[in-house]
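Visitor: this is a predicted model, with the sequence first.
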Amino acid sequence: MEIILGETNFMLDKPSAVSIGKFDGIHMGHCVLLDRIYKQKKNGMQSVVFTFDPAPSVFFSGKPQKLLTTKEEKREIFEKLGVDILVEYPLNTETAATSPEDFIREVLVKRMKMRYIAAGTDVSFGDKGSGNAELLRSYSREMGYTADIIDKVYSQGEEVSSTLVRDYVSDGNMERTKELLGGPYSTEGRVVTGNKFGRKIGMPTMNIIPPCDKLLPPNGVYFTDLVLRGRKYHSITDVGCKPTVSDEDVKGVETYVYDFDDDAYGEDIRVDFLSFRRSEMKFASVDELKSQMQRDIAAGRAFHNEAL
């Protein structure tokens, strides 16, 4: 997959089928858009995903926003899904002031050689977000492209959106999140050296510090799968600040893999959240914490055995 980032003067060399959007948390609604552009390959078009960097909500508010899918995760997902080109178009005071008509004519049609576009009914672009689905339709014949405006997707009576997914993640409902995403919600990172408390009590763990812009589920213990070196391991994970053994207010992700005895320091791992076990707790003693961890691990083994 080719990635075009930070450039406004690029020029694609082949006709393209384009999907435009934020694509935060690539959910079932996004997958409909992507499927539509993939189908245009039989017509000689390359598949192109167009996003703004930073996201419009971040740029216009001036405030950082927790993301379901970081930029790096998004790139990995699009590559796995078979996207040919990912455009991360710079959003700044100059590009944000582009009229929606010029955006269609100069960016989508001229530079990207767009012949087909799949977009949601709530798509917005151009100065003050004034470009919309109807404008895409109205210019399609004049500028020589097909505008395919996709209705909202519903699941269990709920309109699927990144906001809905974010709400479920924030509630710790990992099962419903998985349904909306088509796969488990996850976070990635490099294994760092922790305080080695787990190793001291016979329960060695892998610690990662997720990117600061990554939305994590609520502090607590989760049944998880951990992916290391391309292999998946059943595990149990604590999200939080370890209140019993540390006074540091650093939110991390600490995972215990059942029956794992290997060194993974410095390696990249992915943690897939499957189900919420319990909220984070502060214990009166290390012995109480150890006993609870043993109960959590036993519950985790039972959970994974039932899931087989």
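Guide: Thanks, I have the structure now.
Visitor: for the rest of this, base every contact and every neighbour count on C-alpha atoms.
Guide: Will do.
Visitor: which helix of this protein spans the most residues?
Guide: helix 286-307 (DSSP state H).
Visitor: so what does that one touch, helix or strand wise?
Guide: strand 231-240 (3 or more C-alpha pairs under 8 Å, 6 or more residues apart in numbering; DSSP states H and E).
Visitor: now do the buried residues in the longest helix of the chain.
Guide: Neighbour counts over helix 286-307 (16 or more other C-alpha atoms under 10 Å) mark 289-290, 293, 296-297, 300-301, 303-304 as buried.
Visitor: just those now: which is nearest Met143?
Guide: His304 (54.3 Å; C-alpha to C-alpha).
Visitor: dump the longest helix of the chain to CSV, restricted to CA.
Guide: C-alpha atoms of helix 286-307 as CSV (Å, rounded to 0.1, in the frame of the first residue of the first chain):
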residue,chain,number,x,y,z
VAL,A,286,0.1,-7.8,48.5
ASP,A,287,-1.2,-11.1,49.7
GLU,A,288,-4.8,-10.0,49.1
LEU,A,289,-3.8,-8.8,45.6
LYS,A,290,-2.0,-12.1,44.8
SER,A,291,-5.1,-14.1,45.9
GLN,A,292,-7.3,-11.9,43.7
MET,A,293,-5.0,-12.3,40.7
GLN,A,294,-5.1,-16.1,41.1
ARG,A,295,-8.9,-15.9,41.1
ASP,A,296,-8.8,-13.7,38.0
ILE,A,297,-6.5,-16.1,36.2
ALA,A,298,-8.7,-19.1,37.0
ALA,A,299,-11.7,-17.2,35.7
GLY,A,300,-9.8,-16.3,32.6
ARG,A,301,-8.8,-19.9,31.9
ALA,A,302,-12.4,-20.9,32.2
PHE,A,303,-13.5,-18.0,29.9
HIS,A,304,-11.1,-19.1,27.2
ASN,A,305,-11.9,-22.8,27.5
GLU,A,306,-15.6,-22.0,27.1
ALA,A,307,-14.8,-19.8,24.0
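Visitor: taking strand 231-240 as reference, get the angle to it.
Guide: 140 degrees (axes from the mean of the first three to the mean of the last three C-alpha atoms, to 10 degrees).
Visitor: hang on, the earlier thing: so can I have a markdown table of the buried residues of helix 286-307 showing pLDDT and distance to Arg190?
Guide: Converted to a markdown table, the buried residues of helix 286-307 look like this (pLDDT from 0 to 100; distance: C-alpha to C-alpha, whole Å):
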| residue | pLDDT | distance to Arg190 |
| --- | --- | --- |
| Leu289 | 86 | 26 |
| Lys290 | 85 | 26 |
| Met293 | 90 | 23 |
| Asp296 | 94 | 24 |
| Ile297 | 93 | 23 |
| Gly300 | 95 | 23 |
| Arg301 | 95 | 25 |
| Phe303 | 95 | 26 |
| His304 | 93 | 25 |
